[in-house]
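J.: give me coordinates for this.
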Amino acid sequence: MTERAPMSRRRLRAALTLTLATCLTAAAAAGGASAASAVPLRTEAVRADMWSADAGHVGAVAGRADRLATLVRQTVDAGVPGVAVRIDDGHGPAVESTEQAPWTVADHKLAVDDEFRMGSNTKTLVATLILQLVAEHQVNLTDSVESWLPGLVPGGGAITLRMLLNHTSGLYDYTDDPAGLASVTGQDQRRWTPEELLALATRHQALFTPGKKWSYSNTNYIALGMVLEKATGRSVADLIHDRIVRPLGLTHTYLATTAAWRPGDSRTHTHGYEPDAAHLGPLLPPGMPPGTSFAGPIHDDHVNTTGINPSWAWAAGAVVSSATDWARFDTALMSGELLPPAQLRQMRTTVPEDSAAPEATRYGLGLEEVRTPCGTVWGHTGGIPGYASQNYTDSTGHRTVAILTSTVFGLSERKVAATYRPLVDAAVCRMLGKTAPGTAAQSKA
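T.: From the prediction side, this is the model:
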């Protein structure tokens, strides 16, 4: 395959799939905890009395809970439409906190356990399914793409399933193609087939020789979804349900194949938003086409992206779930409930995302290893218009955290970043039973 310099993949990755490396900072930026300027619309009670199993520490626990709620409120005050955080430190019931901007209430009243588009967290589910088939000897990580998808991927004989899983295939990311971008923004609401998505990518040259570098590409997981369906004769949606959702008793997790949310009076879903065209321009990464904008109802300087058809994301990012469901999944995955030890070790065998910083964030098989100020965590990030998610756990699955926001591009605003980054720090560190560096000082500002 001819090697060429990466073109626009990184700009969309930066905008639509958040990386924890940019959010978990050793200390908050100066001014990151500016005083809130408005009374919060609603904060769900953070159950401080349940944060620790040691009742003697209730006072200190309440202080930590208050700081978390303050950071959540400040992030919304800075401009994020909605924030939901769920933390389980392994000692008692989870701590939950939500806030939303007043102008969003008419659309939906936000709750921690709303159904939420999880974006690229989908990749962890798909990788789990592949590794289950590996354990059952139905596929092998050394199998070539050509052996499963003959003639569909140029040079596929040199690309293995492992390379797809850990993003070392060199395949172009189809979401960077103009046709793919039009669907990402909702300007094109067609329902894509996996074959069409793969064809968008393969009409572009490879980024590099397979196995030689690392480059995040949604195309890898479209190909893996097609391998899953060919190997089993079943749809990816059914495989997720039958092999993960049903065994774990998940109630809000499914692969969305159309713009419609799953019906049911007992279910609610978060509404997602992005800045309208007049406010989006300055937030776009370099290289994005001029005039890029999102489709949907517009009010209060935002576009409601809730109805954008996610079929363009399919096995790379179309799963809907909830904070509680995802915590259950993370616990089951890391504790060995879903995979045998050999396959879990494979999943946690990582490569550096940045060759210049090999000890920073590393990527396994659909799973990221992230070094934070408070310790190493495992999980993934997700970004799909209107929905940004960060889901992490410790190495045992005993502790979990979810940080969900109802915008992606809105997080790029400077004043938002100044509060969002400390929030992520605080949430992840609290999951690990620690205090984020600088948090105490910020809370007194």
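J.: with only the CA atoms kept, save stretch 311-323 in CSV.
T.: In CSV, the C-alpha atoms belonging to stretch 311-323 read as follows (Å, rounded to 0.1, in the frame of the first residue of the first chain):
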residue,chain,number,x,y,z
SER,A,311,-26.3,4.8,11.1
TRP,A,312,-23.2,6.4,9.7
ALA,A,313,-21.4,5.3,12.9
TRP,A,314,-22.8,1.7,13.1
ALA,A,315,-20.2,-0.6,14.7
ALA,A,316,-17.8,2.2,15.2
GLY,A,317,-20.1,4.4,17.3
ALA,A,318,-23.9,3.9,17.2
VAL,A,319,-24.6,2.3,20.6
VAL,A,320,-27.0,3.9,23.0
SER,A,321,-26.6,3.1,26.7
SER,A,322,-26.8,4.7,30.1
ALA,A,323,-24.3,5.5,32.8
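J.: now the helices for the stretch 101-250 of the chain?
T.: According to DSSP state H, counting those that start in this stretch, the stretch 101-250 of the chain carries its helices in the segments 122-135, 145-148, 161-165, 178-184, 194-202, 219-232, 236-240, 246-248.
J.: list the helices and strands the third one packs on?
T.: Read that as helix 161-165. Applying 3 or more Cβ pairs under 8 Å, 6 or more residues apart in numbering; DSSP states H and E, one finds that helix 161-165 contacts helix 122-135, helix 145-148, helix 219-232. From N, CA and C alone the C-beta is placed, and that goes for glycine too.
J.: how about Gly382: what's its closest non-neighbour residue?
T.: Nearest residue to Gly382, sequence neighbours excluded (Cβ to Cβ, 6 or more residues apart in numbering): Gly119, at 2.8 Å.
J.: where in the stretch 251-400 of the chain is pLDDT low?
T.: 263-267 (pLDDT under 70).
J.: where do the helices of it begin and end?
T.: 277-280, 314-317, 323-334, 341-347.
J.: deepest-packed of the ones you listed, please.
T.: helix 314-317 (a mean of 28; mean count of other Cβ atoms under 10 Å).
J.: packing partners of it?
T.: helix 122-135, helix 194-202, helix 219-232.
J.: can you redo the ones you listed as TSV with mean neighbour count?
T.: Shown next, in TSV, are those (neighbours: other Cβ atoms under 10 Å):
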stretch	mean neighbour count
helix 122-135	25
helix 194-202	19
helix 219-232	23
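J.: using TSV, lay out those together with mean pLDDT and distance to Ser335.
T.: Putting the helices and strands packed on helix 314-317 into TSV (pLDDT from 0 to 100; distance: least, Cβ to Cβ, whole Å) gives the following:
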stretch	mean pLDDT	distance to Ser335
helix 122-135	98	13
helix 194-202	97	31
helix 219-232	98	23
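J.: returning to that earlier point: who wins for proximity to Arg371 among the helices of the stretch 251-400 of the chain?
T.: Across the helices of the stretch 251-400 of the chain, Arg371 has its closest neighbour in helix 323-334 (16.8 Å, Cβ to Cβ).
J.: ok, Val320 - contacts?
T.: 115-118, 252-256, 261-262, 269 (Cβ atoms under 8 Å, 6 or more residues apart in numbering).
J.: and if you look at Thr168?
T.: Counted by Cβ under 8 Å, 6+ apart, Thr168 has contacts 162, 210-215, 351.
J.: and if we set it to 6 Å?
T.: 211, 214 (Cβ atoms under 6 Å, 6 or more residues apart in numbering).
J.: from the chain's centre, how far out does stretch 117-125 sit?
T.: Relative to its chain's centre, stretch 117-125 lies at 6 Å (Cα atoms, centre = their mean, to the nearest Å).
J.: state the mean pLDDT of the strand or helix carrying Val428.
T.: Element membership for Val428, per DSSP states H and E: helix 414-431. For helix 414-431, mean pLDDT is 94.
J.: what packs against that helix?
T.: helix 58-77, strand 82-88, strand 400-405 (3 or more Cβ pairs under 6 Å, 6 or more residues apart in numbering; DSSP states H and E).
J.: which one of these lies closest to Gln187?
T.: For the helices and strands packed on helix 414-431, the distance to Gln187 is smallest for strand 400-405, at 22.9 Å, taking Cβ to Cβ.
J.: tell me what that closest one is packed against?
T.: For strand 400-405, the packing partners by 3+ Cβ pairs under 6 Å, 6+ apart come out as strand 82-88, helix 323-334, strand 387-393, helix 414-431.
J.: in the longest strand seen in the chain, what's buried?
T.: Looking across the chain with DSSP state E, the single longest strand is strand 375-384. Judged by neighbour count (16 or more other Cβ atoms under 10 Å), strand 375-384 contains these buried residues: 377-384.
J.: beta partners of the residue nearest the centre of the chain?
T.: By Cα atoms, centre = their mean, the chain has its centre lying nearest to Gly382, at 1.7 Å. Beta bridges link Gly382 to Ser389 when assigned by DSSP bridges.
J.: Phe116 versus that one, what's the distance?
T.: 9 Å (Cβ to Cβ, to the nearest Å).
J.: check contacts around the nearest residue to Ile130 once chain neighbours are set aside.
T.: In space, and not counting its chain neighbours, Ile130 is closest to Leu224: 5.9 Å by Cβ to Cβ, 6+ apart. Residues in contact with Leu224 (Cβ under 6 Å, 6+ apart) are 126, 130, 164.
J.: give me the neighbour count for Gly92.
T.: A count of neighbours around Gly92, defined by other Cβ atoms under 10 Å, yields 14.
J.: how close does it get to Arg399?
T.: 12 Å.
J.: convert the C-alpha atoms of stretch 200-216 to PDB, please.
T.: Extracted as PDB, the C-alpha positions of stretch 200-216 are listed here (Å, rounded to 0.1, in the frame of the first residue of the first chain):
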ATOM      1  CA  LEU A 200     -16.100   5.600   1.300                       C
ATOM      2  CA  ALA A 201     -12.800   4.800   3.100                       C
ATOM      3  CA  THR A 202     -11.200   2.500   0.500                       C
ATOM      4  CA  ARG A 203     -11.500   5.000  -2.300                       C
ATOM      5  CA  HIS A 204      -8.800   6.900  -0.500                       C
ATOM      6  CA  GLN A 205      -5.200   5.800  -0.200                       C
ATOM      7  CA  ALA A 206      -3.900   4.200   3.000                       C
ATOM      8  CA  LEU A 207      -2.300   6.400   5.600                       C
ATOM      9  CA  PHE A 208       0.700   4.100   6.000                       C
ATOM     10  CA  THR A 209       1.900   0.500   5.700                       C
ATOM     11  CA  PRO A 210      -0.200  -1.800   7.900                       C
ATOM     12  CA  GLY A 211       1.300  -2.300  11.400                       C
ATOM     13  CA  LYS A 212       3.900   0.400  11.100                       C
ATOM     14  CA  LYS A 213       2.100   3.300  12.900                       C
ATOM     15  CA  TRP A 214      -1.000   4.100  14.900                       C
ATOM     16  CA  SER A 215      -3.900   6.200  13.600                       C
ATOM     17  CA  TYR A 216      -7.400   6.200  14.900                       C
END
